[in-house]
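Chemist: pasting the sequence and the predicted model now:
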Amino acid sequence: MSHVGVGPRAVMRSVAFLTAGALAVPALAACTSEEPKGKPLAGQDTAAAARARISDGGTLRWAADSVPETLNSFQSDADATTTRVAQAVLPSMYRMDETGRPVRNPDYLESAEVVDTEPKQVVVYKLNQQAVWSDGREIGAADFAAQWRALSGKDSAYWTARNAGYDRIEKIERGGDDLEVKVTFSRPYADWKSLFTPLYPKDVMGTPDAFNDGARRELKTTAGPFAVKKVDTKEDEVVLTGNPRWWGEPAKLEQIVLRAVPREKRVSQLAAGKLDLAEIDPDTAEEVTVAAGPRDAGTGTPLMGPEDSPAADPEDSPAAGPQGRSAARALRSWAIAKGSDEDAAEEETLAREEREEALAKRERRQRALSGFEVRKSLEPAYTQLALNGADGPLADERVRRAVARALDRGKLAKAVLGPLGLPAEPVG
């Protein structure tokens, strides 16, 4: 989610955008931080619009898989909706760009650099002086330190799901002034840019009780362009509204409603005008594409399916008749309905009425979907295969090198990316 909101009705065609779920892209990454910047492995189709062209206001109704059990991204029952909320309401020191590389988020961070590597790796963060929590307190070293202590793995009272990177931090302290945070690592950590994203306030991370239970259904203190208005388990939705203390460019949207809708019901909700944005599967994407295509001037039915193939009818007939069936079947149906066998005629008449009703319903659905567009969005994520060299045979550097050289990175990349139809090119 971008920190700049997009009003779906501000774009040409009263459209809402759909993202194809099968197109989320994992990439196989080697454990290094100094890769040359490259191009994305696969293209996106998101119809980006200049900010000036987007109208202010409006509500985006966005389909989600669930109402999250927790708003704490570092707990075991956090899910994709937890992450989506965190991206809108909490600080992120770095974000992924279109090539999948981490880039500094200037709304929170003026600079961050490794200032020492010997005898210890030291990273100094220089925070944006305007960055404040929604209660007015400055974002600072105390928040960084609280998150490190909670996620370090040293205190089992914190019910954490992951602590990668945080377990390598030796200490966190205030730098030259209140805007500097100095992080010293006990062991080198190449992926340090992944840390403190999201960053929770010390109110959430400061004690085990606050961490475990304080951010499950509400986030009282936030620091993003949006804030959590409510988590409504009865209506199955999370409502995000604008943060009045936000110091950056204001979001274009007035609010975002994340609504839990099962994937098999999303296209119906879109057609009924109850959703604006939804992640869909390839079959649904194909249906929407056909509905939005050219239509017969007389019947209003789509002329062509995907890739210029004839639009399918309910019974996959070669030539659609008045009831969506082949001419031969239509003639046979008419003969039975008008024949002397009253029972057969009555049964066929009822069947014809059901088919007509189903066809009319299908046509209404297609017309409703004709106002939507399918857009492909690639998820900024990666799959990483890491070797744990803390103990056992892999504690020997020679063994780790041997294992690394024995791995066929090409085959691994193909296994991950092949099913998605994407180029199988490992990063490292």
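Modeler: Alright, I've got the coordinates.
Chemist: L412 touches A404, doesn't it?
Modeler: No. Taking contacts as C-beta atoms under 8 Å, L412 lies outside contact range of A404: 11.8 Å. The C-beta positions use only the backbone N, C-alpha and C, and glycine is treated the same way.
Chemist: in this structure, which helix is the longest?
Modeler: helix 342-369 (DSSP state H).
Chemist: report the buried residues of it.
Modeler: For helix 342-369, burial by neighbour count (16 or more other C-beta atoms under 10 Å) applies to E348, R352, R355, L359, E363, R365, Q366, A368, L369.
Chemist: quick check: the gap between the third one and E346.
Modeler: According to C-beta to C-beta, to the nearest Å, R355 and E346 sit 15 Å apart.
Chemist: cool, and the fifth one?
Modeler: Using C-beta to C-beta, one obtains 26 Å as the distance from E363 to E346.
Chemist: equivalent analysis for the fourth one, please.
Modeler: Distance check for L359 against E346: by C-beta to C-beta, it reads 20 Å.
Chemist: now for this structure, the helix or strand with the poorest mean pLDDT.
Modeler: strand 28-29 (a mean of 28; mean pLDDT, DSSP states H and E).
Chemist: what's downstream of it, the next helix or strand?
Modeler: Downstream of strand 28-29, the first helix or strand assigned by DSSP states H and E is strand 59-64.
Chemist: give me the contacts around that next one.
Modeler: For strand 59-64, contacts defined as C-beta atoms under 8 Å, 6 or more residues apart in numbering pick out 5-8, 80-81, 84, 238, 253-261, 266, 269, 274-279.
Chemist: just the buried ones from those?
Modeler: 5-8, 81, 84, 238, 253, 255-261, 266, 269, 275-279.
Chemist: quick one: which of those sit in helices?
Modeler: T81, R84, R266, Q269.
Chemist: just flag the most distant two among those.
Modeler: The most widely separated members of those, counting by C-beta to C-beta, are R84 and Q269 (17.7 Å).
Chemist: low-confidence stretches in the stretch 301-428 of the chain?
Modeler: Counting by pLDDT under 70, the ranges of the stretch 301-428 of the chain that qualify are 301-328, 330-334, 336-339, 378-384, 420-423, 425-428.
Chemist: ranges for the helices of it?
Modeler: According to DSSP state H, counting those that start in this stretch, the stretch 301-428 of the chain carries its helices in the segments 327-337, 342-369, 397-406, 409-417.
Chemist: kindly report the same for the stretch 101-250 of the chain.
Modeler: 141-151, 202-205, 208-213.
Chemist: list the buried residues for stretch 93-113?
Modeler: In stretch 93-113, counting by 16+ other C-beta under 10 Å, buried: M93, Y94, R95, G100, R101, P102, R104, N105, D107, Y108, L109, A112.
Chemist: measure the nearest residue to V103 once chain neighbours are set aside to R104 for me?
Modeler: Spatial nearest neighbour of V103, excluding adjacent residues (C-beta to C-beta, 6 or more residues apart in numbering): D97 at 4.8 Å. D97 is 10 Å from R104, where distance means C-beta to C-beta.
Chemist: for the stretch 1-150 of the chain, which residues score under the pLDDT cut-off?
Modeler: For the stretch 1-150 of the chain (pLDDT under 70), the answer is 1-44, 99.
Chemist: burial check on G165, number of neighbours?
Modeler: Neighbourhood size, G165 [other C-beta atoms under 10 Å]: 19.
Chemist: phi, psi of it?
Modeler: phi 90, psi -50 (degrees, to the nearest 10).
Chemist: got the contact list for it?
Modeler: Contacts of G165 (C-beta under 8 Å, 6+ apart): Y189, D191, W192, S194, L195.
Chemist: mean confidence for stretch 184-203?
Modeler: For stretch 184-203, mean pLDDT rounds to 96.
Chemist: what of stretch 284-293?
Modeler: pLDDT averaged over stretch 284-293 gives 78.
Chemist: tell me how far it lies from the chain's centre.
Modeler: From the chain centre to the centre of stretch 284-293 is a distance of 22 Å (C-alpha atoms, centre = their mean, to the nearest Å).
Chemist: for it, C-alpha coordinates in PDB please.
Modeler: The C-alpha coordinates for stretch 284-293 follow below in PDB (Å, rounded to 0.1, in the frame of the first residue of the first chain):
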ATOM      1  CA  THR A 284     -12.300 -14.200 -12.300                       C
ATOM      2  CA  ALA A 285      -9.900 -11.900 -14.100                       C
ATOM      3  CA  GLU A 286     -10.800 -13.500 -17.400                       C
ATOM      4  CA  GLU A 287     -14.500 -13.000 -16.700                       C
ATOM      5  CA  VAL A 288     -14.000  -9.300 -15.900                       C
ATOM      6  CA  THR A 289     -11.900  -8.900 -19.000                       C
ATOM      7  CA  VAL A 290     -14.600 -10.400 -21.200                       C
ATOM      8  CA  ALA A 291     -17.300  -8.300 -19.600                       C
ATOM      9  CA  ALA A 292     -15.300  -5.100 -20.300                       C
ATOM     10  CA  GLY A 293     -14.700  -6.000 -23.900                       C
END
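Chemist: measure stretch 194-213 end to end?
Modeler: By C-alpha to C-alpha, to the nearest Å, the extent of stretch 194-213 from end to end equals 25 Å.
Chemist: my read: A404 touches G389, true?
Modeler: No. Between A404 and G389 there is no contact under C-beta under 8 Å: 10.7 Å.
Chemist: and E357, how far from G58?
Modeler: 36 Å.
Chemist: I meant Y108, not that one.
Modeler: When distance is defined by C-beta to C-beta, Y108 is 26 Å away from G58.
Chemist: please apply the same query to S92.
Modeler: S92 is 24 Å from G58, by C-beta to C-beta.
Chemist: kindly report the same for N128.
Modeler: Relative to G58, N128 is positioned 28 Å away (criterion: C-beta to C-beta).
Chemist: can you check E180 too?
Modeler: For E180, the distance to G58 - C-beta to C-beta - is 39 Å.
Chemist: next: E342.
Modeler: Taking C-beta to C-beta, one finds E342 at 58 Å from G58.
Chemist: what's the answer for L417, then?
Modeler: 36 Å.
Chemist: what about those two, which has more around it?
Modeler: Between L417 and G58, L417 has the larger neighbour count (other C-beta under 10 Å), namely 21 against 18.
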